[in-house]
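Chemist: dropping the sequence and predicted coords here.
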Amino acid sequence: MQCALSASRTKGTYLRDKYHKLKTRRGAKKAAVAIAHKILVSAYYILKERVPYKDLGENYLNKRNKDKVIRYHRKQLERLGLEVTVTAKIAA
């Protein structure tokens, strides 16, 4: 639990992002238990497979659920009375 709470305060990590997303839905204590479980499972596979830990990054969940994030923010802006058109940015 101590490690989970510490991980939730470390900037720019997957575990912090996951904690804050879970905290809004389940509450702080259940989110901390879920992060502790993730740390234990990760540690098990790291030791079993003998591979180094690789953090997925802060934006992993947003990239993975891109359409869901777009719908959520569009809905929030429309509730504020704004009309929203989403277009993809063209890579240079």
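Modeler: Happy to help now that I have it.
Chemist: pLDDT weak spots in this structure?
Modeler: Scanning the chain with the threshold set as pLDDT under 70 gives 92.
Chemist: again, only using 80
Modeler: By pLDDT under 80, the low-scoring segments of the chain are 57, 61-63, 65, 91-92.
Chemist: specify the helix with the largest residue count in it.
Modeler: Criterion DSSP state H: the longest helix present in the chain is helix 28-49.
Chemist: which strands or helices does that one pack on?
Modeler: Other elements packing on helix 28-49 under the criterion 3 or more Cβ pairs under 8 Å, 6 or more residues apart in numbering; DSSP states H and E are helix 2-7, helix 14-26. C-beta here means a position set from N, CA and C on the backbone, and glycine is covered the same way.
Chemist: now what about stretch 56-70, what contacts it?
Modeler: 11-14, 16-18, 21, 86 (Cβ atoms under 8 Å, 6 or more residues apart in numbering).
Chemist: which of the residues you listed are buried?
Modeler: Buried members of the contacts of stretch 56-70, scored by 16 or more other Cβ atoms under 10 Å, are 13-14, 16-18.
Chemist: dump these to TSV, plus distance to Ala4.
Modeler: Output for the buried ones among the contacts of stretch 56-70, formatted as TSV (distance: Cβ to Cβ, whole Å):
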residue	distance to Ala4
Thr13	12
Tyr14	13
Arg16	11
Asp17	14
Lys18	10
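Chemist: just those residues now: which is nearest Arg50?
Modeler: Tyr14 (21.1 Å; Cβ to Cβ).
Chemist: contacting residues for Ala36?
Modeler: 1, 3-4.
Chemist: and if we set it to 6 Å?
Modeler: 1, 4 (Cβ atoms under 6 Å, 6 or more residues apart in numbering).
Chemist: against Gly57, how distant is it?
Modeler: To Gly57, Ala36 is 20 Å away according to Cβ to Cβ, to the nearest Å.
Chemist: no further questions, thank you.
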